[in-house]
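**Student:** Return atomic coordinates for the entry below.
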Amino acid sequence: MLKHDSPRILSLGVLNLDFVMELGNEMIGKKKMGRQISINAGGHGSSQAIAAVRCGVPTALIGKVGDDAFGQQIQCTLEKEHVDCRFLTHVPNVHSGLATIIIEDHTDNTFIDFLGANYELTNEDIDHCKDAICQADLVMIHMGPAIMDVATHMIELANECHTPVLVTPSVMTADVPLHFWKKVDYLAMNLAQAAAISCLSGENAKTARISASILSNQVRQGVVVHMDGAGVLVAEKGTMSLMDTCFSGEILDYSGATSFFTGVLAAELVKNSSIQEAAIKAHRAALLCMGKVGVYTSFPSAEVLKTL
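**Tutor:** Numbering: from 1, shown residues only. Alright, predicted model coming up:
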């Protein structure tokens, strides 16, 4: 049995320690010199949970980290953010996930992932969370390759207890059958994910519209695509709306923005906002992330989120 304070949202996604280095222009010999670094909890599971909690919705995550210093730091950051860690497990003799993100001016970021303990998560671990899944108002899942099987299993359990499901697909989920999405209530994506999931070429508004149109006829509720500065697209069966298109800021870094978008969207849906209202707030939060360099350090505060 769960405590009376069971979480309203459950988050599933990889858990990493993010090591983010912003490179400067200085060289010493053949070495590039870093301008600044940040080391914090990261990965889709962490980031979307932090976003939901900052929106005021009690949220727990499910995942595994190593029994190492990285795992301790991941949990320390999550607890500082008031994310419920009752389903976070430390695995002996396994390293925690680590993501190295190198940010350099005028070029795409470099990502190097070591997924470590994320591979240790099993269907049995999800089964142990069944009571929480059934009592939650929503489960939000990032379907990355490392946890694809357990993510699918969690969706099946949520369907059994009629708990709504919000999924952000990885760009690696193109081989998921179209009919699978009938088990999902909401899909939340960026341009790259929208193109990949529907096997379309080109990360642009046209492919986003085509993908959202196809998928909105499969999911139970709706599809939301955040299109960076071009706005946010919401597709429900038979309708499509492009909103929040008046962006005049500068996009500096995309890292972490989609996960934060998902967490805000989930929180607002749980608070009974319409899908359109939730999408606009989530999109504005993601734009704030993209206006700063970094991942965790770019996330807007709870106070800022209240103003969106």
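**Student:** immediately after the host helix or strand of residue 124, which helix or strand?
**Tutor:** Applying DSSP states H and E as the criterion places residue 124 in helix 123-127. Counting by DSSP H and E, the element after helix 123-127 in chain order, helix or strand, is helix 130-135.
**Student:** Which strands or helices does that following helix pack on?
**Tutor:** helix 148-160 (3 or more Cβ pairs under 8 Å, 6 or more residues apart in numbering; DSSP states H and E). From N, CA and C alone the C-beta is placed, and that goes for glycine too.
**Student:** Export the helix or strand just after the helix it packs on to PDB, keeping only CA atoms.
**Tutor:** Later in the chain than helix 148-160, the nearest helix or strand by DSSP H and E is strand 165-169. Taking Å, rounded to 0.1, in the frame of the first residue of the first chain, the C-alpha atoms of strand 165-169 are listed here in PDB:
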ATOM      1  CA  VAL A 165      -0.400   8.300 -20.400                       C
ATOM      2  CA  LEU A 166       1.700  11.100 -21.900                       C
ATOM      3  CA  VAL A 167       4.700   9.900 -24.000                       C
ATOM      4  CA  THR A 168       7.600  11.700 -25.600                       C
ATOM      5  CA  PRO A 169       9.000   9.400 -28.200                       C
END
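**Student:** Could you measure from the residue positioned nearest the centre of the chain over to residue 81?
**Tutor:** Residue closest to the average C-alpha location in the chain (Cα atoms, centre = their mean): residue 259, at 2.6 Å. Separation of residue 259 from residue 81 (Cβ to Cβ, to the nearest Å): 13 Å.
**Student:** ok, for the residue nearest to the centre of the chain, nearest residue in space, not its chain neighbours?
**Tutor:** In space, and not counting its chain neighbours, residue 259 is closest to residue 47: 3.6 Å by Cβ to Cβ, 6 or more residues apart in numbering.
**Student:** residues in contact with the one you found?
**Tutor:** In this structure, residue 47 makes contact with 13, 256, 259, 260, 263, 295, 296, 299, judged by Cβ atoms under 8 Å, 6 or more residues apart in numbering.
**Student:** repeat for residue 66
**Tutor:** Residue 66 touches 90, 91, 94, 95, 96, 116, 117, counting by Cβ under 8 Å, 6+ apart.
**Student:** Residue 158: which of the residues you listed is nearest?
**Tutor:** Nearest to residue 158, judged by Cβ to Cβ, of the contacts of residue 66 is residue 117 at 23.4 Å.
**Student:** And for that closest one, the neighbour number?
**Tutor:** By other Cβ atoms under 10 Å, 27 other residues sit near residue 117.
**Student:** buried ones in stretch 10-24?
**Tutor:** For stretch 10-24, burial by neighbour count (16 or more other Cβ atoms under 10 Å) applies to 10-23.
**Student:** picking up where we left off before, so which of the contacts of residue 66 belong to helices?
**Tutor:** With helices taken from DSSP state H, there is no overlap with these.
**Student:** any idea how far the closest residue to residue 213 other than its chain neighbours is from residue 72?
**Tutor:** Excluding its sequence neighbours, the residue lying closest to residue 213 (Cβ to Cβ, 6+ apart) is residue 235, at 6.1 Å. Using Cβ to Cβ, one obtains 42 Å as the distance from residue 235 to residue 72.
**Student:** what about these two, which has more around it?
**Tutor:** More neighbours surround residue 235 than the other of residue 235 and residue 72, with 25 against 15 (other Cβ under 10 Å).
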